[in-house]
Each structure stands twice: as C-alpha cells, then as structure tokens.
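# What follows is a protein structure lacking sequence information:
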C-alpha cells in the first residue's frame, strides 16, 4: 500500500501517458488567448518577411525560370518551421523558470507527459503558423503545383521537421537561464542559417564561404524540399541539395536522436533536483 502524496513517476502506463499528454497539450494551447503575443513568431513574423522581400526587395531580385513570388513562399514556409526552435525554447524556458515544473512535480500525472505535452503544444502552434503562411501566400498569388503524392510527401516531411525543430527548442529551453536568453541566442543562430538556406535568394549566387555553409545547412534541405515538391525547382550544388527529401529525413532523425535523449535526461535531472 502507498500513502501520502503520489509522485509523478508513480503514475505510468501508456493509457495514462496519452491522457496526461492530451491534457497538458490542451493546457499549453489554452494559454494562447491569455498570452497571444507568444504566437508572434509563427504568425506576424512570417508575414513581415513576406511583405518585405516580396514588395520591398523583390523588384531587385530575379530568379531564372521562376517568378520571385513562387520562389519566395516555399522558403518562407521552411523558415517558419526553423523558427519553431525559438518558440519551443522560449515556452520551455518560461515553464522551467516560472515554477510550472515544480507544480507539476507535486501532481499525480505521468512524468514523461509533462515534456511530451510541451512538445505537442508547440507542434500545434507551428501547424497554425504554417497554415497562416500558406493561406496568406495563396491570397497573394502564390501558385504551388502539387500532385497528391507530392502533397502527402510534403506533409510528412513538414511534420517530421516540426518535431525535430521542436525537440531541439525544448532542449535548448532547458539549458538557458531565461526566456530572454533563449530568444537572443535563438535568433543569433537560426536567423543567419535561414538566410543562408536559399530562403530569399538562390544559393548558387552566393559568395564561396556562405555558399559552402548553405550547401550543408540543414534548413537548406528543408527549403529545397518544399520548393522542389511545390514548384518543381531543383537546387543542386551538394549531395543534400541534389537529394533534399532524403537529406531532410536524415537531418530530422539525427536532430531527434541527439535532442530527445538529452532533453529527457535534463528534464529528469530537473525533476529530481
């Protein structure tokens, strides 16, 4: 027999885990109406980039064989997914620094569901952001050419990429000391990588050093995959740009293989502290 307050680790089982994950995912999503500014990075930010590059810089950028509008929007979609690292990191850091984890520790819930609920909540926010970006693009005249098979492949790649970037953000959110630090460090790393990923200009036209980085940038594989599946545009220049879909799967699996166990280890150490 057990007495006293139950610990989170005492409440396991797959059914309990799935139920608690669903409850904590709902808790994360219900916070959005109370703090709507947390969605700025997945809603307003992509729209700002679209308007700037399409109507301010777009007249000076010419891409051979494709209109700049059709070149730009796949890149913005890839960039939006990559920025999920920052959103997930900030949300996780908030929970870690504001005592939310301490409150969960005293509740009779599955321990693993705390972090899985965080991941699924951030995943849902990214889905919302990408949906807004796609709808906005279609409204401005973006014309993707998708077969059914390519559409299914694209959805699978995007879901895999979202999970990988979300787990990466969750890990870094546990490592930094504050949400502000996550925001600053995230932009320092992610913003240059997204700009060098062929998001706004072709990689082939870059100087030697940024081109060499761009050819093996994981976000480049994501952007090239979206662009290839929606517009039929082949990037080329390195193995991963010649096979962007395969490279995107490999990058996503590698990121999760590194970040998931490290995030779980860090989370367990935090609960045990």
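Yep, that arrived. Since we're looking at a predicted model, the values are computed, not measured. Numbers count the residues shown, from 1 in each chain.

# Would you mind checking the average pLDDT for stretch 245-265?
Stretch 245-265 shows a mean pLDDT of 94.

# buried sites along it?
In terms of neighbour count (16 or more other Cβ atoms under 10 Å), stretch 245-265 has its buried residues at 245, 247-249, 251-252, 255-256, 259-260, 262-264. C-beta coordinates here come from the backbone N, C-alpha and C atoms, glycine included.

# Please flag which of those residues sit within helices.
245, 247-249, 251-252, 255-256, 259-260, 262-264 (DSSP state H).

# between those residues, which is closest to residue 28?
Taking Cβ to Cβ as the measure, residue 263 is the one of those closest to residue 28, at 16.1 Å.

# Contacts only, for the closest one.
Each residue near residue 263 by Cβ atoms under 8 Å, 6 or more residues apart in numbering is listed here: 115, 167, 170, 171, 174.

# same thing with residue 24?
Neighbour list for residue 24: 109, 113, 114, 116, 117, 118, 121 [criterion: Cβ under 8 Å, 6+ apart].

# Output the residues you listed in TSV, with pLDDT appended to each entry.
Shown next, in TSV, are those (pLDDT from 0 to 100):
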residue	pLDDT
109	75
113	82
114	82
116	86
117	86
118	85
121	87
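
# Out of the residues you listed, who's the most crowded?
Among the contacts of residue 24, the one with the most neighbours (other Cβ atoms under 10 Å) is residue 118, at 28 neighbours.

# I'd say that residue and residue 169 touch.
No - using Cβ atoms under 8 Å, residue 118 makes no contact with residue 169, being 9.7 Å away.

# Overlap of the contact sets of the two?
Residues touching both residue 118 and residue 169 (Cβ under 8 Å, 6+ apart) are 88, 92.

# Poorly predicted segments of the stretch 1-150 of the chain, please.
Along the stretch 1-150 of the chain, segments meeting pLDDT under 70 span 1-12, 32-41.

# could you pull out the helices for the stretch 151-273 of the chain?
Ranges of helices in the stretch 151-273 of the chain, per DSSP state H, counting those that start in this stretch, are 179-195, 208-215, 218-231, 239-242, 244-272.

# Would you reformat those helices as TSV and include distance to residue 158?
Below are the helices of the stretch 151-273 of the chain laid out as TSV (distance: least, Cβ to Cβ, whole Å):
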stretch	distance to residue 158
helix 179-195	15
helix 208-215	21
helix 218-231	8
helix 239-242	17
helix 244-272	9
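
# Next, the contact list for the nearest residue to residue 104 once chain neighbours are set aside, please.
Spatially, and ignoring its direct neighbours in sequence, residue 104 is nearest to residue 114 (5.1 Å; Cβ to Cβ, 6 or more residues apart in numbering). Applying Cβ under 8 Å, 6+ apart, we find residue 114 in contact with 8, 24, 101, 104, 267.
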